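Trainee: need a 3D model of the sequence below.
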Amino acid sequence: MRNRFDEQLEQLNNSLIEMGALVEKAIADAIRALVEQDAALAREIIAMDEEINEKEGEIESLCLKIILQQQPVAGDLRLVSAVLKITTDLERIGDHAADISENILLLADKIYYKKLEHIPQMAAATIKMVTKSIDAFVKKDLDMAKAVIAYDDTVDNLFNIVKGELVELIKADSDNSDQAIDLMMIAKYFEKIGDHAVNVAEWIVFSLTGTHKDNKIMG
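Mentor: Numbers count the residues shown, from 1 in each chain. Below is the predicted model:
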């Protein structure tokens, strides 16, 4: 019986890694589409969101099957419960990559008034957070998960820089306002992606300790 349970947990592990890889690709492609003003790539990212949603459904079904068939307890139950939460956040990251791509389509035929600098840095930081959070899950690495949570300050600081730059762009010339607002929305979506990566890391901490945001939930 335990062998079958271990096989299901391994499948769950692999499926979550696959979903994480899809999400990482969506973020990386989104920033490339923004920098290169690649409308075709932006459309591919929007279409990819359906694949991410399907992967979420697959993982949810497997989690429920494990709970019903194996009736896990203690650490195993924490793990399955955490995966259910993690996939929700990964799905939301996929949604935000699609949201970013929708804004990219609005900018694809425009000349950028200002060189993009800090938004790509935000994207790189969020990719790092997602990658490290999935690594922490696979390796059951508590310190790595906590490092992801702390790293969100980097994304927040970059967002504040972008916000200040775009406000100055509008002040300099109100004709820049439409583009500035579109870029502000893109930066905000990247900031939200960072928040979801934090959520993922917090659920990994829970799976390892039974504590979520300093609250003991499950022993």
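
Trainee: quick one: find the helix or strand in this structure with the lowest mean pLDDT.
Mentor: strand 215-216 (a mean of 66; mean pLDDT, DSSP states H and E).

Trainee: where along the protein do the helices fall?
Mentor: All helices of the chain, identified by DSSP state H, fall at 2-36, 39-70, 74-107, 118-139, 142-172, 177-209.

Trainee: and these as TSV, adding mean pLDDT?
Mentor: Supplementary listing: the helices of the chain in TSV, determined by pLDDT from 0 to 100:
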stretch	mean pLDDT
helix 2-36	93
helix 39-70	96
helix 74-107	95
helix 118-139	95
helix 142-172	95
helix 177-209	96
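
Trainee: may I see these arranged in TSV, with mean neighbour count as well?
Mentor: In short, each C-beta sits where N, CA and C put it, glycine included. Putting those into TSV (neighbours: other Cβ atoms under 10 Å) gives the following:
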stretch	mean neighbour count
helix 2-36	18
helix 39-70	16
helix 74-107	21
helix 118-139	21
helix 142-172	17
helix 177-209	22
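
Trainee: who are the neighbours in contact with the closest residue to Leu84 other than its chain neighbours?
Mentor: Sequence neighbours aside, Cys63 is the residue nearest to Leu84 in space, at 5.1 Å (criterion: Cβ to Cβ, 6 or more residues apart in numbering). When contacts are counted by Cβ atoms under 8 Å, 6 or more residues apart in numbering, Cys63 touches Leu12, Val80, Val83, Leu84.

Trainee: so the residue positioned nearest the centre of the chain versus Met184, what's the distance?
Mentor: Centroid-nearest residue in the chain, with Cα atoms, centre = their mean: Ile93, separated by 3.8 Å. For Ile93, the distance to Met184 (Cβ to Cβ, to the nearest Å) stands at 19 Å.

Trainee: skip the chain neighbours and tell me the closest residue to Ile127.
Mentor: Once flanking residues are discounted, Ile127 sits nearest to Ile27: 5.2 Å by Cβ to Cβ, 6+ apart.

Trainee: contacting residues for the one you found?
Mentor: Ile93, Ala97, Ala123, Thr126, Ile127, Val130, Ile193.

Trainee: again, but for Glu56
Mentor: Glu56 sits in contact with Met19, Thr87, Thr88, Leu90, Glu91, where contact means Cβ under 8 Å, 6+ apart.

Trainee: got it, and Ser15?
Mentor: Listed by Cβ under 8 Å, 6+ apart, the contact partners of Ser15 are Lys55, Glu58, Ile59, Leu62.

Trainee: closest to Glu202 out of these?
Mentor: Glu202 has its nearest neighbour among the contacts of Ser15 in Ile59, at 18.2 Å by Cβ to Cβ.

Trainee: and the gap between that closest one and Ala39?
Mentor: Distance from Ile59 to Ala39, by Cβ to Cβ: 31 Å.
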